[in-house]
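Colleague: sharing a model that was predicted from the sequence below.
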Amino acid sequence: MAAVTQKSVDNQQRAFARVDDFLPLSWRRVSAEEFADVIANFNRTQSFPIPPDDIQTVLANLEVTDKIQQLERSDPVLSRILSRLDMKLNMLLKVFYPGTEARPMVPTWVNMSGGGLAFKEAGLDVQVGDVLEIRLALSLDSLASIQCFARVVKTFPPDEDGLIKAACQFEPILDGDREKLIQHIFKRQSALLRSKRS
């Protein structure tokens, strides 16, 4: 019984570890009808429907980023070269396939956990209860992105820079994407701790 309780506590700690970062993000508001279809598909297949012309989702499903991250440990130079090629291909795709995303992925301040995220944007026009489709890349030069849906649970007035913050709870996110997000959070927290010590 104690082992089960400890595992539950560990999972909660993993899900709610938070970190601030500056990452490419795009979002769009989802209608109630579209969200109902997304949830029905998710409950049936544990995946999100892929629009036939969504080049970013097709590329994300290639799982190139996972391979590059694995390579990062064994051959960091080759990993950096491949990441740069990823970035160049991403730029070419935007030239040859304009309009494949409702909004471009823009480097954005985010505060992330395994349970949700908050982000800031000038003139952000969302309301509590809105459902957003969010795409988030876990590095500035990543080709693949995490796709999830999130409900706005709180909005904040503009800060001193005029940015409005929205806090969102994932509803839903794929288990594999949540795990990638949690791994990124721990990696980022470790990097921040190392930089504070030096």
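Modeller: Noted; the coordinates are in hand. Numbers count the residues shown, from 1 in each chain.
Colleague: rest of the way, CA atoms for contacts and neighbours
Modeller: Fine.
Colleague: list the helices and strands whichever helix in the chain runs longest packs on?
Modeller: Ranked by residue count, the top helix of the chain under DSSP state H comes out as helix 175-197. Secondary-structure packing of helix 175-197 (3 or more C-alpha pairs under 8 Å, 6 or more residues apart in numbering; DSSP states H and E): strand 19-30.
Colleague: surely L138 is in a helix?
Modeller: No. Judged by DSSP: H, G, I helix; E, B strand; the rest coil, L138 forms no part of a helix; its state is coil.
Colleague: state the pLDDT value of it.
Modeller: At L138, the model reports a pLDDT of 86.
Colleague: burial check on the closest residue to A122 other than its chain neighbours, number of neighbours?
Modeller: Counting by C-alpha to C-alpha, 6 or more residues apart in numbering, L163 is the residue found nearest to A122 once chain neighbours are left out, at 4.5 Å. Using other C-alpha atoms under 10 Å, L163 is surrounded by 17 other residues.
Colleague: L163: what's it in contact with?
Modeller: Applying C-alpha atoms under 8 Å, 6 or more residues apart in numbering to L163 gives the contacts 120-124.
Colleague: backbone dihedrals for it, both of them.
Modeller: Note on L163: backbone dihedrals following degrees, to the nearest 10 are phi -90, psi 140.
Colleague: how about the longest helix of the chain: buried residues?
Modeller: By neighbour count with 16 or more other C-alpha atoms under 10 Å, helix 175-197 contains the buried residues 178, 181-182, 184-186, 188-189.
Colleague: returning to what we had before: and the furthest pair within the contacts of L163?
Modeller: Based on C-alpha to C-alpha, the longest span within the contacts of L163 runs between K120 and G123 and measures 9.3 Å.
Colleague: just the helices in the protein please.
Modeller: Assigned by DSSP H, the chain shows helices spanning 2-16, 32-45, 55-60, 64-74, 76-96, 175-197.
Colleague: going through the contacts of L163, which ones are buried?
Modeller: 120-121.
Colleague: in TSV: the contacts of L163, plus pLDDT and distance to R29.
Modeller: Formatted as TSV, the contacts of L163 follow (pLDDT from 0 to 100; distance: C-alpha to C-alpha, whole Å):
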residue	pLDDT	distance to R29
K120	95	15
E121	93	14
A122	91	16
G123	89	15
L124	90	12
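Colleague: any chance of a markdown table for the contacts of L163, columns distance to P49?
Modeller: Compiled in a markdown table, those are given as follows (distance: C-alpha to C-alpha, whole Å):
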| residue | distance to P49 |
| --- | --- |
| K120 | 27 |
| E121 | 27 |
| A122 | 30 |
| G123 | 30 |
| L124 | 26 |
